[in-house]
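S.K.: Pasting the sequence and the predicted model now:
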Amino acid sequence: MGLLRKLLLLAWALGGGLCAGSARASEYRQLPPTPPAGLTGEWLLHDAARNRLILFLPGYHQPAHTYYQWVQIQRNQPFPISFAAQPGLSLFLDNQLVFTAGKAATYTIDLSKYMPRSLASGNHLLGVWQPDGSPALSTFSGSSPVADASGRVKVGTVRVQPRVPGTRGQNVYLSFLLLLGLLYGGVRSTYQSGIARIFQVEELFGNSSDQQSFLTKPAFSLLNLLLVLLFSLSFALLLTAIHTDLQNLPLLRSFINVPESAIVARVLVYTLLITGFVFGKYVFLELLGYIFDVQELVNVQYREFLRTTLLTGLFLPAVLLLYLGLNTTLPTTVGWAASAVIAGLLVITVLRVGRTLHRHASLLNLHLFAYLCATEVLPLLVLLKLIVFTY
């Protein structure tokens with residue numbers, strides 16, 4: 001009898017456990033996804049091992065070729081989306097190809113018009129595929145019909161904002177800043193006299209003999225080369241941190257394809273671009289100096305540009321530190337402040353170059369003023385558009 005009672009108790013326990021397990025299974029049954037209104041910043045990845053879609057976490061997952069998002073599309077209601085695309089980027093609705101980018105450009109399409117006839121209005125899975133890289137997700141923005149208080153249908157737009165750098169990104173930036181400080185210290189200990197002659201704030205506003213003697217020094221020296229590389233690295237770090245992504249420009253996207261999450265690669269690419277710009281400006285000045293017949297001013301102008309650029313570059317690491325410290329609490333304010341500092345440094349460089357040129361040849365001459373506009377003012381406007389007003 002004792003053995004029989006134990007068997008009955010065991011059977012009862014097993015039956016209760018199975019009932020409880022079936023109750024929990026029915027209680028936690030997976031619900032179908034709820035499509036958002038328009039596009040959001042939350043993208044999905046395909047987990048091939050489990051054959052399901054999972055949320056893409058930029059600081060956790062590696063960049064992928066394909067990203068997904070649930071959307072709600074009605075045939076009689078517009079659903080415009082805009083995005084920057086590299087050649088070959090393709091859009092899919094429920095795994096059916098609806099669009100392929102033929103060249104690098106910024107596109108705006110209406111998904112309701114591209115939807116295949118075999119698909120009915122309702123919830124659909126939007127897929128974005130880049131065969132030779134990762135899509136620029138931060139450039140995607142979209143809208144969908146939204147009903148207002150009166151019941152009328154209107155189009156509401158949801159913009160995808162650039163993501164705030166996470167902890168992993170901050171560690172990369174701080175590591176670069178530490179390396180930058182060590183490099184500046186090494187150059188300073190090796191070239192003490194040259195550094196003291198260049199990095200003097202009073203030279204921006206004074207008119208001493210040392211200041212004039214610098215304009216007669218060779219512009220291309222080993223010290224200047226090292227300082228230009230350090231300045232380019234500082235500027236590249238700040239540009240990458242504030243999400244001023246130069247790949248959003250169709251011209252640069254045709255030649256450069258660097259994923260958003262590859263911070264180190266982006267910093268190195270921007271460093272090379274900035275270094276090429278600084279040294280390439282000498283060729284630009286030589287060309288315009290020949291056209292305007294003012295070759296005697298080219299060397300003085302470039303040396304002043306080089307010195308002012310290197311001096312103002314000392315403020316960039318401090319701006320980056322403030323940005324990283326305040327970005328989590330005041331992202332919009334500190335982003336605008338960092339952009340304003342960059343704009344101010346660019347404007348100061350142009351004003352300083354114009355002041356130096358005016359001492360050697362009066363800019364009241366319309367010919368020289370036109371030369372200054374062509375060599376300094378117009379490039380300044382282009383840089384402000386590309387760097388400061390991109391976002």
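M.R.: Done, it's in.
S.K.: how about the helices in the chain?
M.R.: In the chain, the helices defined using DSSP state H lie at 2-27, 111-114, 167-190, 192-198, 209-214, 222-241, 250-253, 263-292, 298-312, 316-326, 331-360, 366-372, 378-383.
S.K.: Tell me which of those approaches residue 69 most closely.
M.R.: Taking C-beta to C-beta, helix 111-114 is the member of the helices of the chain nearest to residue 69, at 11.3 Å. No exception for glycine: its C-beta is placed from N, CA and C like everyone else's.
S.K.: coming back round to it: for the helices of the chain, give me CSV that also has mean neighbour count.
M.R.: As requested, the helices of the chain are arranged in CSV below (neighbours: other C-beta atoms under 10 Å):
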stretch, mean neighbour count
helix 2-27, 9
helix 111-114, 16
helix 167-190, 14
helix 192-198, 15
helix 209-214, 13
helix 222-241, 21
helix 250-253, 16
helix 263-292, 16
helix 298-312, 22
helix 316-326, 18
helix 331-360, 17
helix 366-372, 16
helix 378-383, 14
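S.K.: Kindly present those helices as JSON lines, with separate columns for mean pLDDT and distance to residue 71.
M.R.: Converted to JSON lines, the helices of the chain look like this (pLDDT from 0 to 100; distance: least, C-beta to C-beta, whole Å):
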{"stretch": "helix 2-27", "mean pLDDT": "50", "distance to residue 71": "29"}
{"stretch": "helix 111-114", "mean pLDDT": "84", "distance to residue 71": "7"}
{"stretch": "helix 167-190", "mean pLDDT": "84", "distance to residue 71": "29"}
{"stretch": "helix 192-198", "mean pLDDT": "76", "distance to residue 71": "55"}
{"stretch": "helix 209-214", "mean pLDDT": "51", "distance to residue 71": "60"}
{"stretch": "helix 222-241", "mean pLDDT": "90", "distance to residue 71": "31"}
{"stretch": "helix 250-253", "mean pLDDT": "53", "distance to residue 71": "25"}
{"stretch": "helix 263-292", "mean pLDDT": "91", "distance to residue 71": "29"}
{"stretch": "helix 298-312", "mean pLDDT": "89", "distance to residue 71": "46"}
{"stretch": "helix 316-326", "mean pLDDT": "87", "distance to residue 71": "34"}
{"stretch": "helix 331-360", "mean pLDDT": "87", "distance to residue 71": "27"}
{"stretch": "helix 366-372", "mean pLDDT": "90", "distance to residue 71": "52"}
{"stretch": "helix 378-383", "mean pLDDT": "90", "distance to residue 71": "37"}
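S.K.: Tell me which of those sits nearest to residue 104.
M.R.: helix 250-253 (4.2 Å).
S.K.: among the helices of the chain, which is nearest residue 125?
M.R.: Minimum separation from residue 125 across those (C-beta to C-beta) falls at helix 111-114, 12.0 Å.
S.K.: starting at the chain centroid, how far to that closest one?
M.R.: Taking C-alpha atoms, centre = their mean, to the nearest Å, one finds helix 111-114 lying 29 Å from the centre of the chain it belongs to.
S.K.: So which residues make contact with it?
M.R.: Here helix 111-114 makes contact (C-beta atoms under 8 Å, 6 or more residues apart in numbering) with 71, 73-81, 91, 93, 98-99, 126, 142.
S.K.: domain assignment for this protein?
M.R.: Annotated domains of the chain cover 44-158, 167-388 [automatic domain parsing].
S.K.: Of the contacts of helix 111-114, which one scores lowest on pLDDT?
M.R.: Ranked by pLDDT, the contacts of helix 111-114 bottom out at residue 142 (74).
S.K.: what are the phi and psi angles of the closest residue to residue 103 other than its chain neighbours?
M.R.: Closest residue in space to residue 103, ignoring its immediate chain neighbours: residue 87 at 5.5 Å, by C-beta to C-beta, 6 or more residues apart in numbering. Dihedral angles of residue 87 (phi, psi; degrees, to the nearest 10) stand at phi -60, psi 130.
S.K.: who touches residue 87 in this structure?
M.R.: Shown in contact with residue 87 (C-beta under 8 Å, 6+ apart): 101, 102, 103, 104.
S.K.: Quick check: the gap between the first one and residue 45.
M.R.: Using C-beta to C-beta, to the nearest Å, one obtains 21 Å as the distance from residue 101 to residue 45.
S.K.: likewise the third one?
M.R.: When C-beta to C-beta is the yardstick, residue 103 and residue 45 sit 27 Å from each other.
S.K.: Looking at the two, which one has more neighbours?
M.R.: Each of residue 103 and residue 45 has its neighbours counted (other C-beta atoms under 10 Å); residue 45 has more, 17 against 12.
S.K.: and the more buried one, what pLDDT?
M.R.: 91.
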